[in-house]
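**Q** can't give you the sequence, but here's the structure:
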């Protein structure tokens with residue numbers, strides 16, 4: 001559990017700080033936006049980890065809410081997969097050089113990396129919301145059932 005929390009904290013901090021660096025400093029807007037989305041998915045994953053660890057997940061979410069969060073994670077996974085494939089295909093089709101400091105503002109490999117991290121955090125959100133939903137269903141008893 002602690003590994004999951006620490007990795008989600010690192011993912012959230014990396015994504016949100018990379019957003020600032022890529023978007024404002026290097027002016028690679030697409031990589032910056034992918035980093036932001038990745039950071040949001042990591043933050044959401046961190047939030048449900050903390051709620052589960054503190055035994056307060058059922059006060060915030062019902063199993064139906066976790067099913068909706070699972071759908072959101074799946075959409076993040078699909079978007080990240082599509083983005084990664086598209087950026088790698090663009091980079092390969094124009095014979096783009098590997099990333100360096102000279103081409104950081106327009107390199108498609110940076111965009112593909114952050115799309116992959118969005119894929120990773122979308123899959124993580126999908127998996128953990130599914131797991132916590134399953135555990136919540138074992139214990140969940142609605143008030144008006």
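**A** Okay, I see it. What you are looking at is a predicted structure, and each value in this text was computed from that prediction instead of being measured.
**Q** Skip ahead from the lowest-mean-pLDDT helix or strand in the chain and say which helix or strand is next.
**A** Lowest on mean pLDDT, DSSP states H and E among the helices and strands of the chain sits helix 57-60, with a mean of 90. Downstream of helix 57-60, the first helix or strand assigned by DSSP states H and E is helix 63-93.
**Q** Which positions within the helix or strand just after that following helix qualify as buried?
**A** Toward the C-terminus, helix 63-93 is succeeded by helix 108-139 as the next helix or strand (DSSP H and E). By 16 or more other C-beta atoms under 10 Å, the buried positions in helix 108-139 come out as 108-126, 128-130, 132-133, 136. Bear in mind the C-beta positions are built from the backbone N, C-alpha and C, glycine included.
**Q** What residues does residue 109 make contact with?
**A** By C-beta atoms under 8 Å, 6 or more residues apart in numbering, residue 109 lies in contact with 87, 88, 91, 96, 98, 99.
**Q** now, the most widely separated pair of those?
**A** Using C-beta to C-beta, the two most remote members of the contacts of residue 109 are 87 and 98, lying 13.6 Å apart.
**Q** how many neighbours does the nearest residue to residue 1 once chain neighbours are set aside have?
**A** Nearest non-adjacent residue to residue 1, counting by C-beta to C-beta, 6 or more residues apart in numbering: residue 53, 6.0 Å away. As a burial measure, residue 53 scores 13 neighbours (other C-beta atoms under 10 Å).
**Q** cool, residue 101 as well?
**A** For residue 101, using other C-beta under 10 Å, the count is 7.
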